[in-house]
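# Need coordinates for the following:
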Amino acid sequence: MCNGLVVEKYRYKEKFMNMIWEVDIFEGKNKGLFLAEIELEHENQEFDLPNWVGEEVTFDKRYYNSWLYQNPFSSW
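The predicted structure is shown next:
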C-alpha cells in the first residue's frame, strides 16, 4: 500500500513542567532526526522549553512525514 515509502520512527511521551511532549526518534534513512511537539490550548499559551528542545520547525515542510519519506534526513 505504501510502495516501500516508509518513515520509521518511535514515539515517546515525556512530561516536562506539567506538559506532555511527544518525541519522535527516527530510524532508517531519517536516523539522527528527533522531533518534539506539544499540544497547546491556544496559540499564545506560555510554556517552558526543556533543555533538549532545539529550533522551532513547525512550519518547515522538510519535517513533515510526507516530505521525509521522499527526501530523507540522511540526504540533507
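# I would like the residues contacting stretch 40-52, please.
The contact list for stretch 40-52 (CB atoms under 8 Å, 6 or more residues apart in numbering) reads E14, F16, M17, M19, W21, A36, I38. All C-beta spots, glycine's among them, are computed from the backbone N, C-alpha and C.
# so F73 sits right up against F34, yeah?
No. Contact between F73 and F34 fails when scored by CB atoms under 8 Å: they sit 10.0 Å apart.
# can you pull out the strands in the protein?
Assigned by DSSP state E, the chain shows strands spanning 9-16, 19-26, 34-37.
# The residue nearest to G32 when sequence neighbours are not counted: what's it in contact with?
Closest residue to G32 apart from its sequence neighbours, by CB to CB, 6 or more residues apart in numbering: F73 at 6.2 Å. By CB under 8 Å, 6+ apart, the contact list for F73 reads F26, K29, N30, K31, G32, L33.
# average model confidence for stretch 46-57?
Mean per-residue pLDDT for stretch 46-57: 94.
# where does this protein dip in pLDDT?
Residues of the chain meeting the criterion pLDDT under 70: 1-4.
# Closest to the centroid, which residue in it?
Using CA atoms, centre = their mean, the residue of the chain that lies closest to the mean C-alpha position is L35, 2.5 Å off.
# now it: how far from F73?
L35 sits 10 Å away from F73, taking CB to CB, to the nearest Å as the criterion.
# and for those two, which residues touch both?
Here L35 and F73 have F26 as joint contacts, going by CB under 8 Å, 6+ apart.
# thinking again about what came up before, between the contacts of stretch 40-52, which sits nearest V57?
A36 (9.8 Å; CB to CB).
# In contact with that closest one, which residues?
Going by CB under 8 Å, 6+ apart, A36 touches E14, W21, E22, V23, D24, P50, W52, V53.
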